[in-house]
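A.B. asks: Here is a sequence together with a model predicted from it:
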There are 2 protein chains.
Amino acid sequence: MSFYVGLVHYPVINRKGETIASAITSIDLHDFARLCRTYDIVKCFIITPLKDQHELAKRLLSHWCEGVASVTHPKRAQALETIVLAYSLEDALEEIKNLEKATPQIWATSARVRNHGKTISFEKARKLLADPTFPPVMLIFGTAWGLAEELFERAEYILEPILGKSSYNHLSVRCAAAIIIDRLFSGRDPNEMKRED
Amino acid sequence: MSFYVGLVHYPVINRKGETIASAITSIDLHDFARLCRTYDIVKCFIITPLKDQHELAKRLLSHWCEGVASVTHPKRAQALETIVLAYSLEDALEEIKNLEKATPQIWATSARVRNHGKTISFEKARKLLADPTFPPVMLIFGTAWGLAEELFERAEYILEPILGKSSYNHLSVRCAAAIIIDRLFSGRDPNEMKRED
């Protein structure tokens, strides 16, 4: 099974529930790149239809991957090489399809339960991802107030929300992604978890 | 058991291994506050000896907790109320001691194993934290290139490093904290983990 991450800037919703294109946050690129590199996820798609946002992201990436910073901070360059800019989710899926010679599934994430029929637990997700015959998966995260409804409709599965210890449910997308990727890929596989004491 | 988080800006090390005071990153305050609020951790100490950094942090907090933003983004204010500014680790520990009427233990975090004798696994840590008779714990995270050596010497325990799936080991402090807090406090307690299938 091949696994990809997508950070979606369009279509996402704002705090009024309207569909918008959000701006790229430079620290998201760094944090997602470092996270993906740590968990051996080779590509993280940054998805935005806005040309000026692509230009901005390219400048940021070239600063870290080509300039003086690539010498002083080689580990950061190594992480940022996982970042791929895409104009749309379709473009990203097409790129995965070409690489994998198989149609990827979209898995969505949300801070709340959206569609019970599609919701899967982290345990179930770990099991599917551990199956080498499973199709490629593109796990998508929403910036701003989260993914637009149409993406949940297109998704094959929606991961269960992270439940902390309180009713507060507003992690940053950086922290939510870190927790989700760790829950999906940390050393403990479902069988190991049963053996732990 | 009572649990506190500390984000240390001094003493930490820079990429040359020198002890420095790092600058506050505003997004750290937001991300740590949201993370602590989600996992019901009531206080997150931001530790820096620099007065101008306290002024900066106070301005940021008042913008979100008192200004227009507190009306438009009430959930952010609710999270940022967990943030407490402290001039030193000693000041933060003293505050905890006064609140808890007990001397807190320092638990340190690191991206690599520092001192085998003090290193504990997440499983062991979860068990200690689940014991209501355990002393208060202050879990500290280092900004910049990590906590200075003296803090590992003072710590009661050092949490085992997060191991991802690759040899790359450079998560942002925000993402590392999210993963660590989730591993310590997510719904699955050590006994539940054994029962899962």
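C.D. replies: Cool, got the structure.

A.B. asks: what bits of chain A have low per-residue confidence?
C.D. replies: Across chain A, the ranges flagged by pLDDT under 70 are A:188-197.

A.B. asks: all helices for it, in order.
C.D. replies: Assigned by DSSP state H, the helices in chain A fall at A:26-38, A:51-65, A:69-72, A:74-80, A:89-100, A:122-129, A:149-154, A:173-185, A:190-195.

A.B. asks: Including distance to chain B and mean neighbour count, could the ones you listed go into CSV?
C.D. replies: Yep, even glycine has a C-beta here, placed from its N, CA and C like the rest. Putting the helices of chain A into CSV (distance: least, C-beta to the nearest C-beta, whole Å; neighbours: other C-beta atoms under 10 Å in any protein chain shown) gives the following:
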stretch, distance to chain B, mean neighbour count
helix A:26-38, 4, 24
helix A:51-65, 13, 15
helix A:69-72, 8, 12
helix A:74-80, 5, 19
helix A:89-100, 19, 16
helix A:122-129, 6, 17
helix A:149-154, 21, 15
helix A:173-185, 4, 24
helix A:190-195, 5, 13
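
A.B. asks: Go through those helices and name the closest to residue B:77.
C.D. replies: Smallest distance to residue B:77 across the helices of chain A (C-beta to C-beta): 18.2 Å, for helix A:173-185.

A.B. asks: Now do that closest one and helix B:173-185, the angle between them.
C.D. replies: Orientation check (axes from the mean of the first three to the mean of the last three C-alpha atoms, to 10 degrees): helix A:173-185 against helix B:173-185 gives 50 degrees.

A.B. asks: Report the inter-axis angle for helix A:173-185 versus helix B:26-38.
C.D. replies: Going by the same axes, to 10 degrees, helix A:173-185 makes 60 degrees with helix B:26-38.

A.B. asks: Looks like residue A:13 contacts residue A:144 (just checking).
C.D. replies: Yes: taking contacts as C-beta atoms under 8 Å, residue A:13 lies within contact range of residue A:144: 6.5 Å.

A.B. asks: overlap in contacts of the two?
C.D. replies: With contacts defined as C-beta atoms under 8 Å, 6 or more residues apart in numbering or on different chains, the residues shared by residue A:13 and residue A:144 are residue A:20.

A.B. asks: okay, these two: which has more neighbours?
C.D. replies: Neighbours per residue (other C-beta atoms under 10 Å in any protein chain shown) separate residue A:13 from residue A:144, with residue A:144 holding more: 21 against 17.

A.B. asks: Please name the residues that touch the residue nearest in space to the middle of chain A.
C.D. replies: In chain A, the C-alpha nearest the mean C-alpha coordinate belongs to residue A:5, at 3.5 Å (C-alpha atoms, centre = their mean). Residue A:5 is in contact with A:32, A:36, A:41, A:43, A:44, A:45, A:138, A:139, A:140, A:141, A:177, A:181, counting by C-beta under 8 Å, 6+ apart.

A.B. asks: Chain neighbours aside, what residue packs nearest to it?
C.D. replies: residue A:44 (4.5 Å; C-beta to C-beta, 6 or more residues apart in numbering or on different chains).

A.B. asks: Identify the residues contacting that neighbour.
C.D. replies: A:4, A:5, A:6, A:7, A:32, A:33, A:36, A:82, A:83, A:84.

A.B. asks: now residue A:27
C.D. replies: Counting by C-beta under 8 Å, 6+ apart, residue A:27 makes contact with A:174, B:27, B:172.

A.B. asks: Thought residue A:42 was touching residue A:84, still the case?
C.D. replies: No: with contacts counted by C-beta under 8 Å, residue A:84 stays clear of residue A:42, the gap being 9.7 Å.

A.B. asks: and for those two, which residues touch both?
C.D. replies: Contacts common to residue A:84 and residue A:42, judged by C-beta under 8 Å, 6+ apart, are absent.

A.B. asks: just to revisit the earlier point, now the residue nearest to the centre of chain A: how far from chain B?
C.D. replies: Between residue A:5 and chain B the computed distance is 13 Å (C-beta to the nearest C-beta, to the nearest Å).

A.B. asks: From residue B:135, how far off is that residue?
C.D. replies: Using C-beta to C-beta, to the nearest Å, we find residue A:5 at a distance of 40 Å from residue B:135.

A.B. asks: ok, residue A:45 touching residue A:90?
C.D. replies: No: counting by C-beta under 8 Å, residue A:90 is not a contact partner of residue A:45; they are 11.2 Å apart.

A.B. asks: contacting residues for residue A:145?
C.D. replies: Contacts of residue A:145 (C-beta under 8 Å, 6+ apart): A:12, A:13, A:14, A:15, A:17.

A.B. asks: Find the nearest non-adjacent residue to the last one, please.
C.D. replies: Leaving out its chain neighbours, the residue that sits closest to residue A:17 by C-beta to C-beta, 6+ apart is residue A:145, at 7.6 Å.

A.B. asks: ok, so of the contacts of residue A:44, who is nearest residue B:61?
C.D. replies: Taking the contacts of residue A:44 together and measuring to residue B:61 by C-beta to C-beta, the closest member is residue A:32, at 26.7 Å.

A.B. asks: Apart from its chain neighbours, what residue comes closest to that closest one?
C.D. replies: residue A:44 (5.1 Å).

A.B. asks: which strand residues sit across from residue A:107 in the sheet?
C.D. replies: residue A:139, residue A:157 (DSSP bridges).

A.B. asks: Burial check on it, number of neighbours?
C.D. replies: Around residue A:107 there are 23 other residues, counting by other C-beta under 10 Å.

A.B. asks: right, and it touches residue A:159 too?
C.D. replies: Yes: with contact defined as C-beta under 8 Å, residue A:107 and residue A:159 form a contacting pair (6.4 Å).

A.B. asks: Next up, the contacts around residue A:63.
C.D. replies: residue A:69.

A.B. asks: do that again at 10 Å, thanks
C.D. replies: With contacts defined as C-beta atoms under 10 Å, 6 or more residues apart in numbering or on different chains, the neighbours of residue A:63 are A:26, A:69, A:70, A:76, A:77, A:80.
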